[in-house]
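# requesting a structural model of the entry that follows:
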Amino acid sequence: MNHRQINRLLPAALAVLAVAAITLVACTGQNSEKLVQAARQGDIETVKSLLDAGADVETRDSKYQSSLLMWAAHEGHTDVLNLLISNGAEIDARKPTGETALWFAAQRGQLATLEILARHGADINVTGWEGATALEVARKKGHQDVVDYLRSAGADG
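Okay, the predicted model is just below:
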């Protein structure tokens, strides 16, 4: 290949390298934590931009091993939750201790979040910490609206 051919291919090669660099940056540990914090805080613009840049929708925080979906459910950020679901987040992904996004929504009394997850097929009989079901944890925490919803949806117990 001569230098003229190389010069013609150079812009395309640089474009490929730029895309690869953006994808690499989106997947680094620093941006993974930034993505987790954005999901936790309800910063939909940051979540969207990092996902668009190639970040993994199944990213988990390094301390608790909670997924983005779990954090959005835990904090009641329905817009972030819907974005993650539309980007293929696994509805029933579990922490090592068993909890799912729906379990966290029940624990925190996040009824709107819980309803979204249930509509997308989340397991309403999921068990989490120490074998407690979502219904049991909602009852224990005094979230009667969540208890009523889970019962009407057919939850065991």
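# tell me the contacts of residue 112?
76, 78 (Cβ atoms under 8 Å, 6 or more residues apart in numbering). Any C-beta I mention is one placed from the backbone N, CA and C, and that applies to glycine too.
# how near is it to residue 54?
Taken as Cβ to Cβ, to the nearest Å, the spacing of residue 112 relative to residue 54 amounts to 30 Å.
# buried sites along whatever helix or strand residue 32 lives in?
Applying DSSP states H and E as the criterion places residue 32 in helix 29-41. By 16 or more other Cβ atoms under 10 Å, the buried positions in helix 29-41 come out as 31-32, 34-36, 38-40.
# only C-alpha atoms, please: export the next helix or strand after that helix in PDB.
Using DSSP H and E, the helix or strand that directly follows helix 29-41 along the chain is helix 44-52. In PDB, the C-alpha atoms belonging to helix 44-52 read as follows (Å, rounded to 0.1, in the frame of the first residue of the first chain):
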ATOM      1  CA  ILE A  44     -31.500  10.200  33.600                       C
ATOM      2  CA  GLU A  45     -29.400  12.400  31.200                       C
ATOM      3  CA  THR A  46     -26.100  10.900  32.500                       C
ATOM      4  CA  VAL A  47     -27.500   7.400  32.500                       C
ATOM      5  CA  LYS A  48     -28.700   7.800  28.900                       C
ATOM      6  CA  SER A  49     -25.400   9.400  27.700                       C
ATOM      7  CA  LEU A  50     -23.300   6.600  29.300                       C
ATOM      8  CA  LEU A  51     -25.500   3.900  27.900                       C
ATOM      9  CA  ASP A  52     -25.500   5.500  24.500                       C
END
